[in-house]
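In: Model the following, please.
(chains A and B)
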Protein chains: 2
Amino acid sequence: MTKETTGPLRLLRETHEERVLAALRTQGAMTRAQLAERTGLSRATLSSIVQDLLATDAVTETAVDGAARGRGRPVTLLTLNAAGGLALGMDLGHRRIQVTVANVAHEIVGSAGIACSERTPWARRLELALELVDSLATAHHLSLAALAGIGVGVVGPVSETGGHRQPSRAARIGLVRDGLTDRFGLPVYVDNNTRLAALAEAIWGAGAGLQNVLYLRLSYGVGGGLVLGGHLFSGAGGAAGELGHVSVDRDGPRCRCGGHGCLERYVSLAAVLEQCGVRRFDEVLRRLSDGDESVRRIIATAGTRIGAVLAAACNTVNPETVVIGGELAAAGNNLLEPIRAAVHQYAHSQVRQGLQIAPATLGNDDAARGGIALVLRRSALLAGYPASASGLPPGVQLHDIG
Amino acid sequence: MTKETTGPLRLLRETHEERVLAALRTQGAMTRAQLAERTGLSRATLSSIVQDLLATDAVTETAVDGAARGRGRPVTLLTLNAAGGLALGMDLGHRRIQVTVANVAHEIVGSAGIACSERTPWARRLELALELVDSLATAHHLSLAALAGIGVGVVGPVSETGGHRQPSRAARIGLVRDGLTDRFGLPVYVDNNTRLAALAEAIWGAGAGLQNVLYLRLSYGVGGGLVLGGHLFSGAGGAAGELGHVSVDRDGPRCRCGGHGCLERYVSLAAVLEQCGVRRFDEVLRRLSDGDESVRRIIATAGTRIGAVLAAACNTVNPETVVIGGELAAAGNNLLEPIRAAVHQYAHSQVRQGLQIAPATLGNDDAARGGIALVLRRSALLAGYPASASGLPPGVQLHDIG
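Out: Predicted coordinates:
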C-alpha cells in the first residue's frame, strides 16, 4: 500500500468512531451537542462520524418529545442500535477453535468453542467453526444477515501484503478467507491470534480503557502484541511484539526464527514441561500447590528471564500495563512475582513508575473478541473512506488478506 | 490528563493536517476536490481542516479566473501560505544551543547555533538563544510577529504532567518556559531534545517519509526516540525509547537510572573515550583512519552491544528504519557494520526483512527542527479543538509544560 494509506489514516476513523461509540456506550442516549462536548470532536468531524454510524445502523436517532426548537434542526437523541449489526470473531488456534458474536455496542452476544488437535486439517477446522456459528445463531436467535463482517485470528504471522514466506501458511489463510467469503459474502479480516488477544485485553480485559498495553502470551509458542495510543500496532512488517524471539542468551542455540538464544526456547510451555519432567501443565500446577521446590525454582527462573525481556520492551515503548496471558500465566504469583522483580531490577525508573504487570482476564474467546474489534472498527472505516483500487478503503489491507 | 485526551485524540489533527499540508507541499495549488481526492479525507473532515488552516493563515485561497460554476461555491485554489506563519525551534543542549526558524510549509528559513559549556547557567543559555533568534531575524528579514509558537528541546526527561522527580529539572524547564513566554507571549512546547531529533529525522532526515522510525542517539548520554505510525510516540510516562538503559549485562554495575548493566555504561561517548584512553572523539576518529586495531576493536564491541539492544527493540516495534545519531555515529561503518551484524544475528527474521540501519543525516539543528514540527502540528491542534480547563486543547499538555 502507498505511504498515504499506512498507519495514521487507518487510525483516524477508528479513533473518532471509538470515542463516539464509547461515549454512547457509557452514557446511553445523547444529543449531538452532548456528544460533541463529551468527545471533544469538532462539530463538523462529529457530524460526519454520526452520519456514517447512522448509515451503518450502528446508531439510531430519535426526536426528543416536542422539542423542536425555534431555530436549527430539531433536537434528537442518538443511541447505539444494539440490533443494528453483529460482528463475528473467530480464533482458529493450534488446539482450540472459538467463535464469538458481538453487537455494534461491543456487547458479547454469545460464544462457543471446541478443542481440536494440532493435526486437524484446516478445512476441517473451518467446518467446525461454521458449525459453531450455526449453533450460536440457533441458541441466541441471531440473524446472520445482520453480520457486518468477520474477524479471524490464525496462528503464525500475517503479513500486511498477504505475501507469506511459507506457501503453506498463505494457502491456509487463503482457504479460511475463501471459505468464509463464500459462506457469508462479507469482509473478512485476518490477523495473528496473539495480536488479536492483545487488542481484546485492551478493550475488554486486564488493560481495559488503557492506551498503551504490552501483551505477552506464554503458551506452546511465546508471542506478544502491542496496543499503542489505543490502537493495535503491527509495525512495518506485521511483526511488532515478537518478544518470544528476543535473545536472552547471545551465545544460545540458533532458533527457528533465525535468532540465537530466543526467550521462547527457554520459557515456552514445551520447554517448561520438559524442564519439570512432566507431560501436562496441570501437573506442574499440582506440584506448585504441593510446594515442589524444584518446580517452583524452574517457574521462577522462567519468570526472571521473561522479566528481563519485558524490561527491555518496556524501556522501548513505556506502556501503562503489561498483560501476561497464555497457559503459563496459570502459575500465578509463582511466575508473576519473579517477572515483576526482574522488570523492577532492569527497567528504567521512569518506565517502572506506575507500571502494572497483570494476568490476562479474558478466557478462550480473547482472540475471537479481538477479531470482533477489527470488524467493528473496519466496518466504520468502510463507511468512512472512498474505496481504493482493492475495493477496500485505504489501510484496510493491513488486516484484510484479500 | 483524562483518558479521553491521551494519545489518539492528540494524533487526529496532526494526521489530518499533515496529509493536507503534505499534499499542498508536494503538489502546489489544488482545489478542494483535488485535495479530497489526494488525501482520501471525507469532504466534511477536509472542510473543517481547510477552515482551520485558512484561519491560521497556513493556507491561502484564490479564485480560479472566471471559474464561478453554475451551482455551488466558486472553484478556488488552495495554496500553502509560506508567509502565513513561522515556527521557532530551539535546542538547549548540554554543549550547544541551536535556533532554527521554518515557515508553515515546513521550509527551513534559517538556523544558527553556538557552543556552550555544560556549566553554562540556564538563564545564560536562554539569553544566548534569544540573541541567536534576533540575529536570525535580522539576517533573514523575519518578522517575529509572524511566529505561531516555539518548540524547545531540553536535556533529560520531560514528563507529560510537568511534574519532575528532580526539582532542579522542573525549575530549569520553568525558567525556559517563562523566559520565552515573557518575550514572545506564544505557546511554548517543550520535549526531550533526543525525542525531537527523532521526529526531525523522520520528517527531514534519514527516515523522511517513513511511518515507523527508531532513532538512537549515541552521545555523552545514550537515548532514543520512536516515531510510530508517523507520530512521535512518548509512551505512558514520556520515557519511550530509553534504549540507553536497556541492560546488556544483567550482572553489570548499577546505573543512575536504577537498572543494572545499562547499555549507556558501555557505549556512551565518555565510556568509549575512556576505553580508547583519549580525551576527544576526533582523536578516536583519527586512530580509526590510521588503522589502529585496538580502537577499531573497541568501536566494534560497542557496535555489537548496541546491535543486540536494537535487535530486541526492533522485535518489539518492528520499525522500517533505525537511525543512528550522536557523535559516535561519526565512526561510520566501523560502528554501523557491527551494529548491522548484531541486529541480523539477534532480530526475528520477519523484523530484519527490509530493515534499514542508517546514520542520521541532519546536523546540529535536528532537535530544533523537531521543536518546529511540534509547533506546526500543535498550532493546528490549537485551532482544531475546544479549549480544555488548562486553556489548551486536549492532548496539548503532552508537550506543553504550562
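
In: what pLDDT does the closest residue to chain B within the stretch 251-400 of chain A get?
Out: Across the stretch 251-400 of chain A, no residue is closer to chain B than A:Asn318, which sits at 2.6 Å (C-beta to the nearest C-beta). From N, CA and C alone the C-beta is placed, and that goes for glycine too. We have a pLDDT of 95 for A:Asn318.

In: Would you map the helices across the stretch 251-400 of chain A?
Out: A:263-267, A:269-276, A:281-289, A:293-317, A:333-346, A:349-352, A:366-384 (DSSP state H, counting those that start in this stretch).

In: any chance of those helices in CSV, with mean neighbour count too?
Out: Below are the helices of the stretch 251-400 of chain A laid out as CSV (neighbours: other C-beta atoms under 10 Å in any protein chain shown):
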stretch, mean neighbour count
helix A:263-267, 24
helix A:269-276, 17
helix A:281-289, 16
helix A:293-317, 23
helix A:333-346, 20
helix A:349-352, 23
helix A:366-384, 28
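
In: Was I right to think the residue of the stretch 251-400 of chain A closest to chain B contacts B:Leu226?
Out: No. Counting by C-beta atoms under 8 Å, A:Asn318 does not reach B:Leu226; the two are 9.3 Å apart.

In: neighbours of A:Leu126, just the number please.
Out: By other C-beta atoms under 10 Å in any protein chain shown, 21 other residues sit near A:Leu126.

In: What parts of the stretch 251-400 of chain A come near chain B?
Out: Within reach of chain B by C-beta under 8 Å from any C-beta of the partner chain, the stretch 251-400 of chain A has these residues: A:257-260, A:308-309, A:311-313, A:315-320, A:345-355, A:384-386, A:393-394.

In: quick one on the thing from earlier: confidence-wise, which of the helices of the stretch 251-400 of chain A is weakest overall?
Out: The lowest average pLDDT among those, as it happens, falls on helix A:366-384, at a mean of 71.

In: Does the one residue sitting closest to the centre of chain A lie in a helix or a strand, and which?
Out: Residue closest to the average C-alpha location in chain A (C-alpha atoms, centre = their mean): A:Leu196, at 2.3 Å. Taking DSSP states H and E as the definition, A:Leu196 sits inside helix A:193-203.

In: ok, then the element right after that helix?
Out: Assigned by DSSP H and E, the successor of helix A:193-203 is strand A:213-218.

In: who does that next one touch, helix- and strand-wise?
Out: helix A:193-203, strand A:222-228, helix A:293-317, strand A:321-325 (3 or more C-beta pairs under 8 Å, 6 or more residues apart in numbering or on different chains; DSSP states H and E).

In: Could I get those in TSV, plus columns for distance to A:Ser247?
Out: TSV is the format used below for the helices and strands packed on strand A:213-218 (distance: least, C-beta to C-beta, whole Å):
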stretch	distance to A:Ser247
helix A:193-203	19
strand A:222-228	13
helix A:293-317	9
strand A:321-325	19
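
In: Quick one, grab the pLDDT at the closest residue to A:Ala373 other than its chain neighbours.
Out: Excluding its sequence neighbours, the residue lying closest to A:Ala373 (C-beta to C-beta, 6 or more residues apart in numbering or on different chains) is A:Leu199, at 5.2 Å. A:Leu199 carries a pLDDT value of 93.

In: Likewise for A:Ser42?
Out: 86.

In: what about the residue in the stretch 51-200 of chain A that chain B sits nearest to, which helix or strand?
Out: Per C-beta to the nearest C-beta, A:Pro157 is where the stretch 51-200 of chain A lies closest to chain B, at 5.8 Å. Here A:Pro157, judged by DSSP H and E, is contained in no helix and no strand.

In: can you pull the contacts of it?
Out: A:164, A:169, A:192, A:238-239, B:350 (C-beta atoms under 8 Å, 6 or more residues apart in numbering or on different chains).

In: at 7 Å instead, please
Out: By C-beta atoms under 7 Å, 6 or more residues apart in numbering or on different chains, the contact list for A:Pro157 reads A:192, A:238-239, B:350.

In: can you tell me how far the closest residue to the residue nearest to the centre of chain A other than its chain neighbours sits from B:Thr56?
Out: Distance criterion C-beta to C-beta, 6+ apart; nearest residue to A:Leu196, sequence neighbours excluded, is A:Gly370 at 2.7 Å. Distance, A:Gly370 to B:Thr56, using C-beta to C-beta, to the nearest Å: 40 Å.

In: Domain-wise, how is chain A divided?
Out: Domain assignment for chain A, taken from automatic domain parsing, gives A:3-80, A:86-196+A:365-400, A:210-359.

In: Nearest approach to B:Arg279 belongs to which of these?
Out: domain A:210-359 (29.3 Å; C-beta to C-beta).

In: Return the distance of the closest one from the chain's centre.
Out: 18 Å (C-alpha atoms, centre = their mean, to the nearest Å).

In: quick revisit: helices and strands around the helix holding A:Leu196, which ones?
Out: strand A:147-154, strand A:213-218, strand A:222-228, strand A:231-233, strand A:321-325, helix A:366-384 (3 or more C-beta pairs under 7 Å, 6 or more residues apart in numbering or on different chains; DSSP states H and E).

In: picking up where we left off before, for B:Asn212, see how far away the residue nearest to A:Leu196 is.
Out: Counting by C-beta to C-beta - A:Gly370 and B:Asn212 are separated by 21 Å.

In: ok, now A:Asp251?
Out: 30 Å.

In: Neighbour count: the two, which is higher?
Out: Legend: neighbour count by other C-beta under 10 Å for A:Asp251 and B:Asn212, higher for B:Asn212 (25 against 7).

In: A:Trp90 belongs to a strand?
Out: Quick fix: residue A:90 reads Met, not Trp. Yes. Assessed by DSSP: H, G, I helix; E, B strand; the rest coil, A:Met90 belongs to a strand.

In: Look up the closest residue to it, ignoring the ones flanking it.
Out: A:Val152 is the one closest to A:Met90 (C-beta to C-beta, 6+ apart), at 4.5 Å.

In: can you confirm A:Thr79 is in a helix?
Out: No. Read with three-state DSSP, A:Thr79 is strand and lies in no helix.

In: Quick one: residues contacting it.
Out: A:Thr79 touches A:24, A:28-29, A:59-60, counting by C-beta under 7 Å, 6+ apart.
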